[in-house]
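K.L.:
this one's sequence-less:
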């Protein structure tokens, strides 16, 4: 439903831009005011202005509808739902293993290989 309204909204936006660009500038804001025939130019401006109003009203209605739908979806969830406040406690013992003693570093006595004396560093 939301995607259909969004597509209609985008089409209305493009139509509104096109209709506004088609209209003749009658204000003297940039010094490019119209002139010419009052009777024929006025009838075309009235039709274009009615279409402009129609597209603008449709644009506003779809904007409000999309806002209401987005708010309804946002009310169901919160940003804080994804955040966990609990601390994770390790289940295993994470203490490092005990260091071997000096006797554990020596090779077994039953081997025939000569034993080198330990270094004094």
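P.N.:
Looks like it arrived, so ask away. From a predicted model like this one, the values you see are computed outputs, not experimental measurements. Residues are numbered from 1 along each chain as shown.
K.L.:
What residues does the residue nearest to residue 20 when sequence neighbours are not counted make contact with?
P.N.:
Sequence neighbours aside, residue 52 is the residue nearest to residue 20 in space, at 6.4 Å (criterion: Cβ to Cβ, 6 or more residues apart in numbering). The way it works is simple: take the backbone N, C-alpha and C, and place the C-beta from them, glycine included. By Cβ atoms under 8 Å, 6 or more residues apart in numbering, the contact list for residue 52 reads 16, 19, 20, 23.
K.L.:
Now render these as a markdown table, adding neighbour count.
P.N.:
Converted to a markdown table, these look like this (neighbours: other Cβ atoms under 10 Å):
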| residue | neighbour count |
| --- | --- |
| 16 | 17 |
| 19 | 18 |
| 20 | 13 |
| 23 | 14 |
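K.L.:
of all the residues you listed, which comes closest to residue 70?
P.N.:
Nearest to residue 70 out of the contacts of residue 52 is residue 16 (Cβ to Cβ; 21.2 Å).
K.L.:
follow-up on the earlier one: so which of the contacts of residue 52 sit within helices?
P.N.:
Judged by DSSP state H, the subset of those located in helices is 16, 19, 20.
K.L.:
For the first one, give me the pLDDT.
P.N.:
The confidence metric pLDDT takes the value 95 at residue 16.
K.L.:
just checking, it touches residue 60?
P.N.:
No. Taking Cβ atoms under 8 Å as the definition, residue 16 is not a contact partner of residue 60, at 10.3 Å.
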